[in-house]
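In: need coordinates for the below:
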Amino acid sequence: MNIAIVEDNQIERKQFVESIERFFLLREQIIDLAEFDSAETFWLWLKTNKEPDLVLVDVHLPSQDGIELSRQLFSVSPKSIVVFITSDDSLMRHAFGLNVYAYLTKSHIDIELEIILA
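Out: Prediction:
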């Protein structure tokens, strides 16, 4: 499985990476995991890499928000599944319909991530 994480907060991004790696390690599954601090670095990576199976993206990113990233990703990689990561779920009603599988709240990331990945 090819997974991308787009999260501008370095501490939170590291926690997400560790949770995902732990989940797949316990199941003895191999993954390719790429992490990005902005939408721009994600788009640059996507130009030269295999499209991700799963993209975990923060809704609030500095220059391009996660919802817009999801819209654009759907047009270039319609098979990629998007999971939003947020501490503010008020925008989630705008997010569904573009291969958005779910959203995770940052305060419950470990529990919710395991449910979604299972």
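
In: ok, now which ones touch the residue nearest to the spatial centre of the chain?
Out: Residue closest to the average C-alpha location in the chain (CA atoms, centre = their mean): Leu56, at 0.7 Å. Leu56 is in contact with 3-7, 16, 20, 83-85, 104, counting by CB atoms under 8 Å, 6 or more residues apart in numbering. C-beta: built from backbone N, CA, C; applies to glycine.

In: can you map out the helices along this protein?
Out: Counting by DSSP state H, the chain has helices at residues 10-26, 39-48, 66-76, 109-117.

In: what about Glu18, how many residues close to it?
Out: Glu18 has 11 neighbouring residues, counting by other CB atoms under 10 Å.

In: just Leu46 next, same as before
Out: Residues near Leu46, counting by other CB under 10 Å, number 20.

In: circling back to that earlier point, for Leu33, find the nearest of the helices of the chain.
Out: Between Leu33 and the helices of the chain, the shortest gap by CB to CB is with helix 10-26, which sits at 6.2 Å.

In: pull the closest one out as PDB, backbone CA atoms only.
Out: The C-alpha trace of helix 10-26 is given here as PDB (Å, rounded to 0.1, in the frame of the first residue of the first chain):
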ATOM      1  CA  GLN A  10       5.600  18.500  12.300                       C
ATOM      2  CA  ILE A  11       4.800  17.000  15.700                       C
ATOM      3  CA  GLU A  12       1.400  15.800  14.600                       C
ATOM      4  CA  ARG A  13       2.700  14.500  11.300                       C
ATOM      5  CA  LYS A  14       5.300  12.500  13.200                       C
ATOM      6  CA  GLN A  15       2.600  11.000  15.400                       C
ATOM      7  CA  PHE A  16       0.500  10.000  12.400                       C
ATOM      8  CA  VAL A  17       3.500   8.400  10.700                       C
ATOM      9  CA  GLU A  18       4.300   6.400  13.900                       C
ATOM     10  CA  SER A  19       0.700   5.300  14.300                       C
ATOM     11  CA  ILE A  20       0.500   4.100  10.700                       C
ATOM     12  CA  GLU A  21       3.800   2.300  10.800                       C
ATOM     13  CA  ARG A  22       2.900   0.600  14.100                       C
ATOM     14  CA  PHE A  23      -0.500  -0.500  12.600                       C
ATOM     15  CA  PHE A  24       1.100  -2.200   9.600                       C
ATOM     16  CA  LEU A  25       4.100  -3.500  11.400                       C
ATOM     17  CA  LEU A  26       1.900  -5.400  13.800                       C
END
